[in-house]
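Student: let me see the structure of the following:
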Amino acid sequence: MKLIPSPACLFALCATLSLASSGLAQEKPVSSIASAVQPFVEDQELAGAVMLVANKDKVLYEGAVGFANIGDDKKMQTDSMFWIASQSKPITAAALMMLVDEGKVNVNDPVEKYLPEFKGQMVIAEKDDHHILLKKPQHPITVANVISHTSGLPFASRIETPTLDRLPLADRVRSYAMTPLEFEPDTKYQYSNAGINTAARIIEVVSGQPFETFLQERLFTPLGMKEATFWPTEEQAARIALAYKPGAGGNDLEATTIVQLQYPLTEHKDRYPMPAGGLFATAEDLSRFYRMLANGGELDGRRYLSEEAVATMTSKQTGDLPNQYGFGFSTGDRVGHGGAYSTNSYLDKKQGLILVWLVQHAGFPGKGAQAQEAFRRAAIEQFGNP
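Tutor: The predicted structure is shown next:
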């Protein structure tokens, strides 16, 4: 796979982000953003949301609407915690790129260089209800493949049930190595938690640290992502917004759980880090991560990633495939990632803005899915470039 670092694109991104910080005082009241989303709460199409708008220099707006728990009449707060699900993927990719910057990992290397259990992995040549024919792939999967969803690894392995966090990371990744690839590497794009988890296991082996320790020491603590965690404390758990799904009638909201994770969420003994989608965080946490990227890998005088690493991660890395995906990031005019239960964060390169949208919805009744777009439009009207 040919890597496409694009420092020019990164420069343009930083330039547009700086434009947003140099504007004059806003004419409209900041509450207009919340006002754009509030009708969805009143129509019982959205339980609640935390919204944040920033540029590379500062947070421009942070607000909350609706409820963290409808039944308890508990209002959503800006410090409410959320399961950010697959928004964890860019964070895992950034951690890996730290080791790339240090010369300890090369994204063009085969995964088996770091994880010998992948040696000899086969690819499916033929498959039907009665047989599976395997063959040797044209080349082993690379580090670049696993962080760009082009490896041929499945979404998950069969042992990752009933939840995705019940087994140690090393065991999960070993099961991927024992699973045949579903297609030749580089020939297709297939969204894969297994690939991102494999990248995290490489981090563990190369750094000699548990993945969660590496994140905490190298990223979360110095970057000021104070709440980001795989294991919420009791105090944090009390601030987690309750998840909702459409009710049986399809026109109201019904409380639900995070079915992908094991409860209690505070449990350390029987829950393990899920690098592809297990993090909990606040809007402020995510804003600091994206502001670091918007500044070319640096924030508040400390460098976390090289400008080249940021440019590579946020540029298309899927070759001739049509899918716009970098290393852990969806790419294009908006660079970021969404997550299950409808969360989303991204850099809007055209508008020079960072938008963080945190909700906890396993589907919306009525027009609830339009709430995020209402937030985006209001944020751009308020803070976007002319």
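Student: specify the local secondary structure of the residue nearest in space to the middle of the chain.
Tutor: Centroid check for the chain by CA atoms, centre = their mean gives Gln87 as the closest residue, at 1.6 Å. Of the three states, Gln87 takes helix under DSSP: H, G, I helix; E, B strand; the rest coil.
Student: go on, Arg172?
Tutor: helix.
Student: surely it is in contact with Ile159?
Tutor: Yes - between Arg172 and Ile159 there is a contact under CB atoms under 8 Å: 7.3 Å. All C-beta atoms are positioned from the backbone trio N, CA, C, and that covers glycine.
Student: who's more crowded, the two?
Tutor: Shown here are Arg172 and Ile159; by other CB atoms under 10 Å, Arg172 has more neighbours (26 against 14).
Student: roughly how far does the closest residue to that one other than its chain neighbours sit from Val111?
Tutor: Computed as CB to CB, 6 or more residues apart in numbering, the closest residue to Arg172 that is not its neighbour in sequence is Asn197, at 5.8 Å. Distance, Asn197 to Val111, by CB to CB, to the nearest Å: 12 Å.
Student: over to Lys349?
Tutor: Distance from Lys349 to Val111, by CB to CB: 31 Å.
Student: quick one: low-confidence residue ranges for this structure.
Tutor: Low-confidence segments of the chain, defined by pLDDT under 70: 1-30, 386.
Student: mind checking the SS state of the residue lying farthest from the centre of it?
Tutor: Distance from the centre of the chain peaks at His130, with 37.7 Å (CA atoms, centre = their mean). At His130 the chain is in coil, as set by three-state DSSP.
Student: what sits against it?
Tutor: Residues counted as contacts of His130 (CB atoms under 8 Å, 6 or more residues apart in numbering): none.
Student: can you give me the domain boundaries for the chain?
Tutor: Domain assignment for the chain by automatic domain parsing gives 7-92+211-383, 107-207.
Student: got TSV for those, with distance to Leu99 too?
Tutor: Below are these laid out as TSV (distance: least, CB to CB, whole Å):
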stretch	distance to Leu99
domain 7-92+211-383	9
domain 107-207	6
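Student: Met98 is nearest to which of those domains?
Tutor: Closest to Met98 of the domains of the chain, according to CB to CB: domain 7-92+211-383, at 6.1 Å.
Student: just checking, what packs against the longest strand along the chain?
Tutor: In the chain, taking DSSP state E as the definition, the longest strand is strand 59-69. Judged by 3 or more CB pairs under 8 Å, 6 or more residues apart in numbering; DSSP states H and E, the packing partners of strand 59-69 are helix 31-42, strand 48-54, strand 74-75, helix 283-294, helix 371-383.
Student: now the strands for this structure?
Tutor: Using DSSP E, the strands found in the chain span residues 48-54, 59-69, 74-75, 82-83, 123-127, 132-135, 243-246, 253-256, 280-281, 298-299, 302-303, 334-339, 343-348, 353-358.
Student: neighbouring strands of the last one in the sheet, and parallel or not?
Tutor: When you say that, I think you mean strand 353-358. Take DSSP bridges as the rule and strand 353-358 pairs in its sheet with strand 48-54 (antiparallel), strand 343-348 (antiparallel).
Student: just the third one next, same as before
Tutor: Taking DSSP bridges as the criterion, strand 74-75 sits next to strand 59-69 (antiparallel) in its sheet.
Student: return the strand it pairs with as PDB; C-alpha atoms alone will do.
Tutor: The C-alpha coordinates for strand 59-69 follow below in PDB (Å, rounded to 0.1, in the frame of the first residue of the first chain):
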ATOM      1  CA  VAL A  59     -13.300  25.900  22.500                       C
ATOM      2  CA  LEU A  60     -15.800  28.400  21.000                       C
ATOM      3  CA  TYR A  61     -18.900  26.800  22.400                       C
ATOM      4  CA  GLU A  62     -20.000  24.000  24.600                       C
ATOM      5  CA  GLY A  63     -23.600  23.300  25.500                       C
ATOM      6  CA  ALA A  64     -26.100  20.600  26.500                       C
ATOM      7  CA  VAL A  65     -29.800  20.000  25.800                       C
ATOM      8  CA  GLY A  66     -32.300  17.500  27.000                       C
ATOM      9  CA  PHE A  67     -31.800  14.700  29.500                       C
ATOM     10  CA  ALA A  68     -29.100  12.300  30.500                       C
ATOM     11  CA  ASN A  69     -31.800  10.200  32.100                       C
END
